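S.K.: turn this into a structure:
(chains A and B)
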Amino acid sequence: MSEFLHPKNMGEIKDADGVGKVGNPVCGDIMWVYIKVGKDKKGNEILKDIKFKTFGCAAAIATSSMITQLAKGKEIEKAEKISMNDIASSLKGLPLIKMHCSVLATQALKKAIEDYGEKKSLLNVPSR
Amino acid sequence: MNPLYFDNAATTKVDERVVKEMLPYFSEKFGNASSQHTAGQEAKNALEKAKKMIAKKINAKTEEIIFTSGGTESNNLALKGLFFTNYPKKNHIITTRIEHDSVLNACRWLETKGAPITYLNVDREGFIDLNELKKAITEKTFLVSIIHGNNEIGTIQNIEEIGKICREKKVLFHTDACQSFTKVPINVTKQNLDLVTLNAHKIHGPKGVGALYIKKGIKLIPLAHGGGQEKKLRSGTENIPGIVGFVKAVKIVNSKDIQRMTILRDKLISRLLEIPNVTLNGPRKSRLCNNVNVSFNNIEGEAIGGYLENEGIYTSTGSACMSNTLETSHVLKAIGLSPLQSNSSLRISISKFTTEEEIDYFIEKIKQIVTKLRRISPLIN
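M.R.: Below you'll find the predicted structure:
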């Protein structure tokens, strides 16, 4: 409940490295996740910043907020593996009927990371 | 501050005067109305007096009222009871797309028993088209069942005109008047009503009690067989405390309360429509005096409801996430709302206990919440 009433990392990143847009207005929820990628001291790619925008119910807002907190500062590969159960347990439980909200949150983050990967591979295409 | 209860279309607070009236019927006058002794006759008298009073309120005869467990049972008894009386000679029912679930789901069940059902469309404000109704009536039609005041968007149908059509075409007319009873006049003679569903808990009466008006001469097959109470239409020992409470709730309805609610409703609607990108669902006129339903476009109704609850305000949503089925409201869909608009809706239903200060407080809070949620909406740049 407090995650819903006081969500963290709300908003958008204007110069995001990746954006993940998921959702289906027919079923209800829409989530957009923005990521900014940086490197840690060892040179691994990490999620330097992450923000979200959500049209959805209390659970959708809470799961969006939770995944951004779980992912922030993490290495990309680890962030990608955050599961719906990780979110649910961090929220100290999520009603069964709302589990789809946490699935949506993981999908949004995965898409943002994919988007980043695609952009990077385009940039890395060697020039002739 | 006590919670602000703005969900009176769901149920209402029982009036203290109603509770007081009911109390003696639990442990002092607890007799069974079927018993011959004095205690039984005491209950029987209370029952008869109650019928007389409810009948008078809708211009019916005392013997045309039976008590039930509430709106759902009355609706089921009307629909199924008439179907099994008329089938197979006649089997067609006409209803609307905006009925309460107790009518819609009874109809869907009857479809499996051989009843073709016509679900009439409604316009943007929730009104049926009388010509569409006329055209839908066939020689197989035995019943038209149309909700009087809609529970979600407050639309009040013109039941007098519908009644006229049904009379001309010689089909029975049933209306579910759970939301409208005592708020809008019901006169079974003037409005040509054959069956009317009524209940207590929407008008500050107890839960678990309702009534069905059945015009004299109409035959129904009962849902429950047993001791033959309520003219064999509804077996089971009568809920005398509930019935006494129901009658008290009807008695204390005051036309000034209705006028006050209407003024507060209109104020609430006007103030809500001042917020950018808010649209009213349902009509401005011919609307239940306690119903407001709006869509706060681009934000989700249940999220609004959650934040409102945190401020101590109880409302209701037609949003997908609210229900266990994750389906959006069939009523909002019927009036042409997109799933997004439907998911953005909020129902605010007031009562005679609602004050102007509560409306002001609500407006102040809702503005803050809408601003906050719109800031995180992906639908707004």
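S.K.: so the residue positioned nearest the centre of chain A, which state does it fall into?
M.R.: Chain A has residue A:109 as the residue nearest its centroid, 3.2 Å off, counting by CA atoms, centre = their mean. Here residue A:109 is helix, with the state taken from DSSP: H, G, I helix; E, B strand; the rest coil.
S.K.: separation between the residue in the stretch 51-200 of chain B that chain A sits nearest to and residue B:20?
M.R.: Nearest to chain A in the stretch 51-200 of chain B, going by CB to the nearest CB, is residue B:152, at a distance of 17.4 Å. C-beta here means a position set from N, CA and C on the backbone, and glycine is covered the same way. Distance, residue B:152 to residue B:20, using CB to CB, to the nearest Å: 33 Å.
S.K.: which one's more surrounded, these two?
M.R.: Comparing residue B:152 with residue B:20 by other CB atoms under 10 Å in any protein chain shown, the one with more neighbours is residue B:152, at 25 against 11.
S.K.: would you check how far apart the more buried one and residue B:242 are?
M.R.: Taken as CB to CB, the span from residue B:152 to residue B:242 is 26 Å.
S.K.: do residue B:158 as well
M.R.: Per CB to CB, residue B:158 is found 32 Å from residue B:242.
S.K.: more neighbours: which of those two?
M.R.: For residue B:158 and residue B:242, the more surrounded residue by other CB under 10 Å is residue B:242, and the numbers stand at 23 against 15.
S.K.: now do the strands in chain A.
M.R.: Along chain A, the segments classed as strands by DSSP state E run A:18-23, A:30-39, A:45-55.
S.K.: in a markdown table: the ones you listed, plus distance to chain B and mean neighbour count.
M.R.: What follows is the strands of chain A, written out as a markdown table (distance: least, CB to the nearest CB, whole Å; neighbours: other CB atoms under 10 Å in any protein chain shown):
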| stretch | distance to chain B | mean neighbour count |
| --- | --- | --- |
| strand A:18-23 | 7 | 20 |
| strand A:30-39 | 4 | 22 |
| strand A:45-55 | 4 | 23 |
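S.K.: residue B:74: which element?
M.R.: Using DSSP states H and E, the element containing residue B:74 is helix B:71-86.
S.K.: burial count for the residue in the stretch 151-300 of chain B positioned nearest to chain A?
M.R.: Going by CB to the nearest CB, chain A is nearest to residue B:300 of the stretch 151-300 of chain B, at 5.3 Å. Burial of residue B:300 is recorded as 31 neighbouring residues (other CB under 10 Å).
S.K.: residue B:143 is in what secondary structure piece?
M.R.: Counting by DSSP H and E, residue B:143 is found in strand B:141-145.
S.K.: next SSE downstream of that strand?
M.R.: Criterion used, DSSP H and E; the element after strand B:141-145 is helix B:159-169.
S.K.: show me what counts as buried in that next one.
M.R.: When burial is assessed from 16 or more other CB atoms under 10 Å in any protein chain shown, helix B:159-169 yields the following buried residues: B:159, B:162-163, B:165-166, B:169.
S.K.: excluding chain neighbours, give the residue nearest to residue B:107 in space.
M.R.: Residue nearest to residue B:107 in three dimensions, not counting chain neighbours: residue B:117, with 4.8 Å by CB to CB, 6 or more residues apart in numbering or on different chains.
S.K.: hmm, which helix or strand of chain B has the shakiest average pLDDT?
M.R.: Least confident helix or strand, chain B: helix B:339-343 with a mean of 90, by mean pLDDT, DSSP states H and E.
S.K.: now that helix - C-alpha only, PDB.
M.R.: Extracted in PDB, the C-alpha atoms of helix B:339-343 (Å, rounded to 0.1, in the frame of the first residue of the first chain):
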ATOM      1  CA  PRO B 339     -12.100   0.500 -22.500                       C
ATOM      2  CA  LEU B 340      -9.700   3.300 -21.600                       C
ATOM      3  CA  GLN B 341     -12.500   5.700 -20.800                       C
ATOM      4  CA  SER B 342     -14.300   3.000 -18.900                       C
ATOM      5  CA  ASN B 343     -11.200   2.200 -16.800                       C
END
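S.K.: touching chain A at all, the helix or strand following that helix?
M.R.: Downstream of helix B:339-343, the first helix or strand assigned by DSSP H and E is strand B:345-349. No. Applying CB under 8 Å from any CB of the partner chain, one finds strand B:345-349 separated from chain A by no less than 12.1 Å.
S.K.: now for strand B:345-349, which elements pack on it?
M.R.: Packing partners of strand B:345-349 (3 or more CB pairs under 8 Å, 6 or more residues apart in numbering or on different chains; DSSP states H and E): strand B:291-296, helix B:301-310.
S.K.: could you dump the ones you listed into TSV and include mean neighbour count?
M.R.: Shown next, in TSV, are these (neighbours: other CB atoms under 10 Å in any protein chain shown):
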stretch	mean neighbour count
strand B:291-296	26
helix B:301-310	23
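S.K.: appreciated, that's everything.
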